[in-house]
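> Pasting the sequence and the predicted coordinates here, then a few questions.
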Amino acid sequence: MLVTGSSGGGKSTIVTALLEQMRELTYQFCVIDPEGDYGDLRDTVMVGDAKRPPHIREVVDLLAKPDTSVVINLLAVDPSERPRYLANLLPDLGKLRRTTGRPHWIVIDEVHHCLPAKWDPAPLSLPRELPAAIAVTVHPQEVASDLLALVSVVVCAAQAPQSTPSGADTSPVVGTVAGTWILTAAERLLPDGTRVADYGPSPHGLVIFTADGYYSVQIYRAERPRFSSGDKLKGTPEEYKEASLGMSVHFGRYTVDPAKGTITFHIDRASFSNWDDTTQVRTYDLKGDELSWKVPPRPDGSIPVTRLRRVR
């Protein structure tokens, strides 16, 4: 089965409902979760997290227990390595199915990450048949053709179209994030609950979310030391350090899950190069024209918080 549709169209809702029914029927399932979207799924064991990659041996040992369903979190696996991870996982799942008949269902979320069309070994990695499996994607055209050839059922999820009366206000409606936002604060929440400035007093910033799923985030310190040479190719080590730490910039595509209260950034490029080609999830809070989100804790335990106001 292939579940596809636009962002926010209800794919996750459909799959979660199916998984809940499987659980009620005592079916065992295994979810491959590239973006950490199924961490709150009840009565499952999650293997891997944002810092620890999942080990296939641990997954197989857990699935050997008939009453244990597993969510495999791939956040700590580099996006370029996810196809290889799945290629190593599927044969072990196939062997387990042949000997035990389980897991009854396999779910591959955001399958275009794990089996992209441009990945050459895909034909060698896929079994000739993949029964009782659900693949989920917003980009079916980016999925390996060999997987699509195994699909017998397609479920399309989409929001109901909304008409706009003639002369009505077409500005972004409250409750969505599409639009332009001005930074009002960039803070760090310390473990003791104290809030401190993260980019100095009165930082500057602009965030743009387009209606068709693209975004840009720019945050800068208000006071940034200039290069004494006047040439960015001839800065001192301290000047380069200050230039790097004095900003946070990234752009790419985004999706919003209002039910979970999360914004997922599919980052193309970032001022911090380790974020290039990664996917990151932020919990957000939207109240009228005020938007804020939290970044996962840093090594020191502090939590960065970004606060924005919509431009009208």
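Noted; the coordinates are in hand.
> So which helix or strand of the protein has the lowest pLDDT on average?
Within the chain, confidence by mean pLDDT, DSSP states H and E is lowest for helix 122-125 among all helices and strands, at a mean of 54.
> what ranges do the helices span in the stretch 101-250 of the chain?
111-114, 122-125, 145-148, 237-245 (DSSP state H, counting those that start in this stretch).
> for the chain, longest helix please?
If you go by DSSP state H, the chain has its longest helix at helix 82-100.
> what about that one, average pLDDT?
For helix 82-100, mean pLDDT is 91.
> Give me the buried positions along that helix.
82-83, 85-87, 89-90, 93, 96-97 (16 or more other Cβ atoms under 10 Å). For every residue, glycine as well, the C-beta is placed using N, CA and C.
> Using CSV, lay out those residues together with distance to residue 181.
Formatted as CSV, these follow (distance: Cβ to Cβ, whole Å):
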residue, distance to residue 181
82, 31
83, 35
85, 35
86, 36
87, 40
89, 39
90, 42
93, 43
96, 47
97, 48
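> Tell me the one of those residues nearest residue 108?
residue 86 (7.4 Å; Cβ to Cβ).
> who touches the closest one in this structure?
For residue 86, the contacting residues are 32, 108, 114-115, 125, by Cβ atoms under 8 Å, 6 or more residues apart in numbering.
> again with residue 272
So, once contact is read as Cβ under 8 Å, 6+ apart, residue 272 ends up touching 244, 248, 250.
> now residue 267, what's its secondary structure?
Here residue 267 is recorded as strand under DSSP: H, G, I helix; E, B strand; the rest coil.
> Assess the claim that it and residue 276 are in contact.
Yes - counting by Cβ atoms under 8 Å, residue 267 touches residue 276, with 6.8 Å between them.
> more neighbours, the two?
Neighbour totals were compared for residue 267 and residue 276, and residue 267 leads with 21 against 13 (other Cβ atoms under 10 Å).
> host element of the closest residue to that one other than its chain neighbours?
Sequence neighbours aside, residue 252 is the residue nearest to residue 267 in space, at 4.6 Å (criterion: Cβ to Cβ, 6 or more residues apart in numbering). Using DSSP states H and E, residue 252 sits in strand 247-257.
> mean confidence for that strand?
92.
> what does it rub up against?
By Cβ under 8 Å, 6+ apart, strand 247-257 touches 7-8, 12, 37, 138, 176-177, 186, 199, 209, 213-221, 224, 262-272, 275, 284.
> Would you reformat the contacts of residue 272 as JSON lines and include distance to residue 301?
Compiled in JSON lines, these are given as follows (distance: Cβ to Cβ, whole Å):
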{"residue": "244", "distance to residue 301": "22"}
{"residue": "248", "distance to residue 301": "19"}
{"residue": "250", "distance to residue 301": "23"}
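> Pull out the buried members of the residues you listed.
By neighbour count, with 16+ other Cβ under 10 Å, these hold 248, 250 as buried.
> ok, of the contacts of residue 272, which one's closest to residue 150?
Nearest to residue 150, judged by Cβ to Cβ, of the contacts of residue 272 is residue 250 at 35.3 Å.
> How about that closest one: what's its closest non-neighbour residue?
Using Cβ to Cβ, 6+ apart, the closest residue to residue 250 is residue 270 (3.6 Å).
> do residue 89 as well
Residue nearest to residue 89 in three dimensions, not counting chain neighbours: residue 56, with 5.5 Å by Cβ to Cβ, 6+ apart.
> how about that neighbour, what does it touch?
85, 88-89, 92 are the contacts of residue 56 under Cβ under 8 Å, 6+ apart.
> now residue 152
Applying Cβ under 8 Å, 6+ apart, the residues near residue 152 are residue 1.
> Which pLDDT value belongs to it?
85.
> Break this protein into its domains for me.
Structural domains assigned to the chain are 2-157, 179-310, following automatic domain parsing.
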